[in-house]
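# would you be able to build a 3D model of this:
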Amino acid sequence: MDDATQSFQRLRPRLRGIAYRMLGTTADADELVQDVWLKWHEADRSQIDNAEAWLVSVTTRLSIDRLRTARLQRAHYVGFWLPEPQLDELTPALAALAALDDAPTTPEQWLERADDLSVAFLAVLERLAPEARAAFLLREVFDADYAEVARALGKSEAACRQIVSRAKTQLKDQRPRQQVSPEQHYRLLSGFAEAARRGDFAQLQALLAEDAELISDGGGIVPSFGRVLAGASRIAQLYFAVWRRSERGDARQRLALVRFNGEWGLLRFIDGQLESAQSLETDGLRILRIHTQRNPQKLRALAQALEAASVTNGAPDPS
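Numbers count the residues shown, from 1 in each chain. Reported below is the predicted structural model:
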């Protein structure tokens, strides 16, 4: 590869990370990064002093434009809009993370990075306008200084400081925080999955916080709740009902624990087909919130990745 191609490939995980966190779908992120590559290929690089700054700026601006269009489309979306899940092992941004200068080296840093990719975090980002989302991500997730943020957004540093400050205020007390280790999260999720497999209503309810919430995205294609399902008892009843149908042979379920979006999640298969990807927020003792992606269009890439990775019935090692 020539130097220009090498530079782009080295930065591709960072660019895709920005695009995915902005747009919330892997297909859109991949398509946008390809557009950035075409612009990079066509650019007069003799006029570019800093390749990374140029590529980040172009990625950010294209993402803002795409997100503006997407938000108009999402205004007519049926029910809740949740991001598309992506399998950790096959995520280019995560697979190449170790090659980056800012790769996490401690458990605390890995937890922080996982938090910034979680379904819960991406769902919260939907509250922000496109420019505010971009500024917040560049500054708070990708550790860009305000000069870089200003260059990417085409605004002054003072204006970017105000945008980030307002975004942080808007997200205050709403941004999910990873409060437990992956091992603790795994153990709680594993217990919940086992209770769902057995149809143990009492244990399901005991593992859910009294005010737990379930938010589902069916995209108007498959049934889903158009409102937040609240309360441990009601959520436990939902899982119990799925177990009952499986026991009668109406729709056989299989549950698997898999890492996606930086943390352990629960996949449910009905009659051999991926039916949902469930991301669970927890305080280490109880499950606080469940984000359930049921939209078949948003599950397609994950199902293909799972098939390629040959995911089995057994739960993987949480280490």
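# for the stretch 151-300 of the chain, give me the ranges with low pLDDT.
For the stretch 151-300 of the chain, the stretches with pLDDT under 70 are 173-179.
# okay, buried residues for stretch 295-315 please.
Residues of stretch 295-315 classed as buried: 295, 298-299, 301-303, 305-306, 311, 315 (neighbour count, 16 or more other CB atoms under 10 Å). (C-beta placed from N, C-alpha, C; glycine too.)
# those in helices, which ones?
Among those, the members found in helices (DSSP state H) are 298-299, 301-303, 305-306.
# just those now: which is nearest A159?
Proximity of these to A159 (CB to CB) peaks at K298, which lies at 34.5 Å.
# any idea how far that closest one lies from A4?
Separation of K298 from A4 (CB to CB, to the nearest Å) stands at 34 Å.
# can you show me the strands along the stretch 101-250 of the chain?
208-217, 229-230 (DSSP state E, counting those that start in this stretch).
# elements contacting the last one?
Applying 3 or more CB pairs under 8 Å, 6 or more residues apart in numbering; DSSP states H and E, one finds that strand 229-230 makes contact with strand 208-217.
# what does the pLDDT read for the most far-flung residue of the chain relative to its centre?
Note on the chain: the largest C-alpha distance from the chain mean falls to S46, namely 36.9 Å (CA atoms, centre = their mean). Looking at S46, its pLDDT is 85.
# ok, A95 next?
38.
# the residue lying closest to Q237 once chain neighbours are set aside: how many residues sit nearby?
Spatial nearest neighbour of Q237, chain neighbours left out: F201 (7.4 Å); criterion: CB to CB, 6 or more residues apart in numbering. For F201, the count of nearby residues is 16 (other CB atoms under 10 Å).
# put the alpha carbons of stretch 12-32 into CSV.
In CSV, the C-alpha atoms belonging to stretch 12-32 read as follows (Å, rounded to 0.1, in the frame of the first residue of the first chain):
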residue,chain,number,x,y,z
ARG,A,12,-10.2,3.6,9.6
PRO,A,13,-11.3,2.3,13.0
ARG,A,14,-11.4,5.8,14.5
LEU,A,15,-13.4,7.1,11.5
ARG,A,16,-15.8,4.1,11.7
GLY,A,17,-16.2,4.6,15.4
ILE,A,18,-17.3,8.2,14.9
ALA,A,19,-19.7,7.3,12.1
TYR,A,20,-21.3,4.4,14.0
ARG,A,21,-21.8,6.4,17.1
MET,A,22,-23.3,9.2,15.1
LEU,A,23,-25.6,7.1,12.9
GLY,A,24,-26.3,4.0,15.0
THR,A,25,-26.2,1.5,12.1
THR,A,26,-23.2,-0.5,10.8
ALA,A,27,-24.3,-0.3,7.2
ASP,A,28,-24.6,3.5,7.3
ALA,A,29,-21.2,3.7,9.1
ASP,A,30,-19.5,1.5,6.6
GLU,A,31,-21.0,3.4,3.7
LEU,A,32,-20.0,6.7,5.1
